[in-house]
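*Asks:* Predicted coordinates and the sequence they were generated for:
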Amino acid sequence: MFNRAVSRLSRKRPPSDIHDSDGSSSSSHQSLKSTAKWAASLENLLEDPEGVKRFREFLKKEFSEENVLFWLACEDFKKMQDKKQMQEKAKEIYMTFLSSKASSQVNVEGQSRLNEKILEEPHPLMFQKLQDQIFNLMKYDSYSRFLKSDLFLKHKRTEEEEEDSSDAQTAAKRASRIYNT
C-alpha cells in the first residue's frame, strides 16, 4: 500500500530523473525553444538539466539557491532504496537545509517539528511536505521573477537567433538544390 502511495504521488510531481549538469557544456546542442518549455511551467524547467542550471544561476544572484538545491536533494532521496543510504542522505538533507545550524537553511514552516529522531527511520516521502512548500515558494515567487530576468531573456534571444540562423541556412540549401538541378 505504501508503494502505491509513493507511485501515485510521484506521478503528480515532476519526473524524478532530474539532475544538475554542473560543469558540463550544454545549451548549443539542445532542442530549440527550451525557453518556451521553461516558461510554460516550473515543472518543465526542473525536468531540463539546462533549465535547472540557469534557474540555479538566477537563484544564486537572489541568494536563494538553497531552495532548488533542497528540492533536488529531496528528488534524489525519493529514488533511494537502501535503508543505510537513506539514513545518510536524510541526515545530510537535515543538516544542510533544515537544522537550526544548517549551512543552507531553507525557510519552511514546521521545520522545528522535524527533529533528528525521525532520521533514524527514513522513508521516501519524509520530506514531501517541506519539499512541496519549497516548490510552491519557488513557483509563486522566484520562478516568475526568473522569467522576467535578464538571464532568462538573454538565453531566449540567443535561442531565437540560433533558430533564425538555422532557418536561413535551411532555406539557402533548398534554394541551392532548386537552382543547381
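*Replies:* Yes, it's here.

*Asks:* Surely residue 38 touches residue 152?
*Replies:* Yes - between residue 38 and residue 152 a contact is recorded at 7.4 Å, counting by C-beta atoms under 8 Å. For every residue, glycine as well, the C-beta is placed using N, CA and C.

*Asks:* Show me the common contact partners of those two, please.
*Replies:* Common contacts of residue 38 and residue 152, defined by C-beta atoms under 8 Å, 6 or more residues apart in numbering, comprise residue 54.

*Asks:* So these two - more neighbours on which side?
*Replies:* residue 38 (25 against 21; other C-beta atoms under 10 Å).

*Asks:* Now the more buried one: which helix or strand?
*Replies:* helix 34-40 (DSSP states H and E).

*Asks:* Which strands or helices does the host helix or strand of residue 56 pack on?
*Replies:* Using DSSP H and E, residue 56 falls within helix 49-61. Of the remaining helices and strands, those touching helix 49-61 by 3 or more C-beta pairs under 8 Å, 6 or more residues apart in numbering; DSSP states H and E are helix 34-40, helix 42-47, helix 65-79, helix 143-148, helix 150-179.

*Asks:* Turn these into CSV, columns for mean pLDDT and distance to residue 101.
*Replies:* Formatted as CSV, the helices and strands packed on helix 49-61 follow (pLDDT from 0 to 100; distance: least, C-beta to C-beta, whole Å):
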stretch, mean pLDDT, distance to residue 101
helix 34-40, 93, 34
helix 42-47, 96, 28
helix 65-79, 97, 14
helix 143-148, 97, 29
helix 150-179, 75, 32
